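Visitor: here is the input, now give the coordinates:
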Amino acid sequence: MDLSFLTFLLVLVLAFANGTNDVSKAIATLVGSGVTNYRTAILWGTAWTVLGAAAAAFVATAMMATFSSGLVQPGTIASPFLALAVLIGAMVWVLFASRTGLPVSTTHALTGAIVGAGFVSFGIDGLVWPAIVGKIVLPLLLSPVLALTLSVLIHPALRSLAGHWEGTCLCLMPNARALVTVDARGATRTLFQATGFGQPVTAVPSQCDRAGLRGLTIGLDSIHWISSGLASFARGTNDTPKIVAMLLLGNTVASWPSARLQIAALVGVALAMGAGSYFGGLRVTEVLAEKVTRMDHVEGLSANLTTSSLVLVSATLGLPVSTTHVSSSAIIGIGLLKGLRAVRWATVRDMVLAWIVTLPASAILASLAYLLLTRLL
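Guide: Modelled structure (predicted):
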């Protein structure tokens, strides 16, 4: 089998593995706060992940350059087996973690695999250690702290805003061409009435039904859905370029032989990531939704806003933060606001241990894969 074709197949498998583990990071709050069930949440996260993966072609080129050429010394001749070994090491570890319900980082797995396979392939001097430390290790270490801090800071403000919003309803009524408010008791008051036809009915939340008004409901749960979608979008944008970059690993510049090949790689990764999300994302979602801390609407919204903002900004700047670390830390931060006993520390311990083990485990797996490939092929 042609090595380039085999590499592409393994890229798709890694994208599938990424989907099985990482879709949970954006949708666990929907399930944990009781907004929807697992299957609907996973479908929602899958759709937004695919959109984010497609957007990566336009906003995450810096990330692709970092993982394809920025970690290997210029002039270093990379073995054709290097990318295969990196993909195998990262893929095996992420699939194992998904199977056991551990939310691990694909970014961590790829980084460890590159270091492990690179060390065996061309030695310690062939790797750009300042770039590995500055562009990858530091963002990965700082992102959990930033996520936990940001969630703790923004949640009280969102909680206060939600308290003022709870029990109110704003309805746009096309038949009456009026803008009407409804209080918690169902009493209505017309704010504005136009002479022409208005927009489709918009209602917030269930008090509109009690007042006899009908329309699309937009409340805290609706905003929670949107925030979850944005977090899934950010995850797709953040992870896709790292995986696609494996097709260019070792090149002096991150350039494609043709635009058609680039499009095929991005589309393939997006679809594979979506398939992994939909068919294999349940187990890790259960851990984050039920076994870290219980959440309500506002808490889930705070966690998702933290995740989406940090991950999108980092992806645009080419800083490969871990969606796993950001999302999990945001959820832990929300739990801490309710007291130490609100967090299930046994689950957190297992998650942190998985984070720590990911780098050496993927490095060892990738180095073993490289040795086997050089002897068998």
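
Visitor: can you show me the strands along the stretch 201-350 of the chain?
Guide: Here the stretch 201-350 of the chain has its strands, by DSSP state E, counting those that start in this stretch, at 202-203, 216-217.

Visitor: from the rest of the structure, what touches stretch 347-358?
Guide: Stretch 347-358 is contacted by residues 93, 97, 102-105, 108-109, 112, 287, 291-292, 324-325, 328, 332 when judged by CB atoms under 8 Å, 6 or more residues apart in numbering. C-beta here means a position set from N, CA and C on the backbone, and glycine is covered the same way.

Visitor: would you map out the domains in this structure?
Guide: 3-162+231-376, 168-217 (automatic domain parsing).

Visitor: could you give me the average pLDDT of the shortest one?
Guide: When you say that, I think you mean domain 168-217. Across domain 168-217, pLDDT averages out at 56.

Visitor: and the first one, by the same measure?
Guide: For domain 3-162+231-376, mean pLDDT is 81.

Visitor: run the chain-centre distance for that domain.
Guide: Relative to its chain's centre, domain 3-162+231-376 lies at 7 Å (CA atoms, centre = their mean, to the nearest Å).

Visitor: can we start the residue count at 9 from this point?
Guide: In the new count, where the first residue is 9, that last one comes out as domain 11-170+239-384.

Visitor: and that domain, end to end?
Guide: By CA to CA, to the nearest Å, the extent of domain 11-170+239-384 from end to end equals 13 Å.

Visitor: for burial, what's the neighbour tally of the nearest residue to residue 133 once chain neighbours are set aside?
Guide: Leaving aside its sequence neighbours, residue 133 sits nearest to residue 81 (CB to CB, 6 or more residues apart in numbering; 7.0 Å). Burial of residue 81 is recorded as 14 neighbouring residues (other CB atoms under 10 Å).

Visitor: distance of residue 81 relative to residue 250?
Guide: Remark: distance between residue 81 and residue 250 (CB to CB, to the nearest Å) = 20 Å.

Visitor: and the gap between residue 317 and residue 338?
Guide: In this view, residue 317 and residue 338 are 10 Å apart by CB to CB.

Visitor: before we move on, what about residue 52?
Guide: If you measure residue 52 against residue 338 using CB to CB, the figure is 18 Å.

Visitor: between residue 317 and residue 338, which is the more surrounded one?
Guide: Using other CB under 10 Å as the criterion, residue 317 and residue 338 rank with residue 338 on top: 33 against 18.

Visitor: make sure the more buried one is actually in contact with residue 159.
Guide: Yes - the criterion here is CB atoms under 8 Å, and residue 338 meets it with residue 159 at 4.1 Å.

Visitor: can you pull the residues that touch both of the two?
Guide: Residues within reach of residue 338 and of residue 159 at once, by CB under 8 Å, 6+ apart, are 310-311, 314.

Visitor: so which of those residues sit within helices?
Guide: Of the shared contacts of residue 338 and residue 159, the ones assigned to helices by DSSP state H are 310-311, 314.

Visitor: got those as JSON lines, with distance to residue 291 and neighbour count columns?
Guide: Shown next, in JSON lines, are those (distance: CB to CB, whole Å; neighbours: other CB atoms under 10 Å):
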{"residue": "310", "distance to residue 291": "25", "neighbour count": "30"}
{"residue": "311", "distance to residue 291": "20", "neighbour count": "38"}
{"residue": "314", "distance to residue 291": "24", "neighbour count": "29"}
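
Visitor: just the buried ones among the contacts of stretch 355-366, please.
Guide: 101, 105, 110-113, 116-117, 120, 295, 299-300, 332-333, 336, 340 (16 or more other CB atoms under 10 Å).

Visitor: remind me, longest helix of the chain?
Guide: helix 353-384.

Visitor: and that one, which residues are buried?
Guide: By neighbour count on 16+ other CB under 10 Å, the buried set for helix 353-384 is 355-356, 358-359, 362-363, 365-367, 369-371, 373-378, 381.

Visitor: need the contact list for the residue nearest to residue 102 when sequence neighbours are not counted.
Guide: Of all residues beyond its chain neighbours, the one nearest residue 102 is residue 25 (4.2 Å), with distances taken as CB to CB, 6+ apart. Going by CB under 8 Å, 6+ apart, residue 25 touches 98-99, 102-103, 106, 114, 284.

Visitor: quick one: the helix or strand where residue 25 lies to helix 353-384, angle?
Guide: Here residue 25, judged by DSSP states H and E, is contained in helix 11-30. Orientation check (axes from the mean of the first three to the mean of the last three CA atoms, to 10 degrees): helix 11-30 against helix 353-384 gives 170 degrees.
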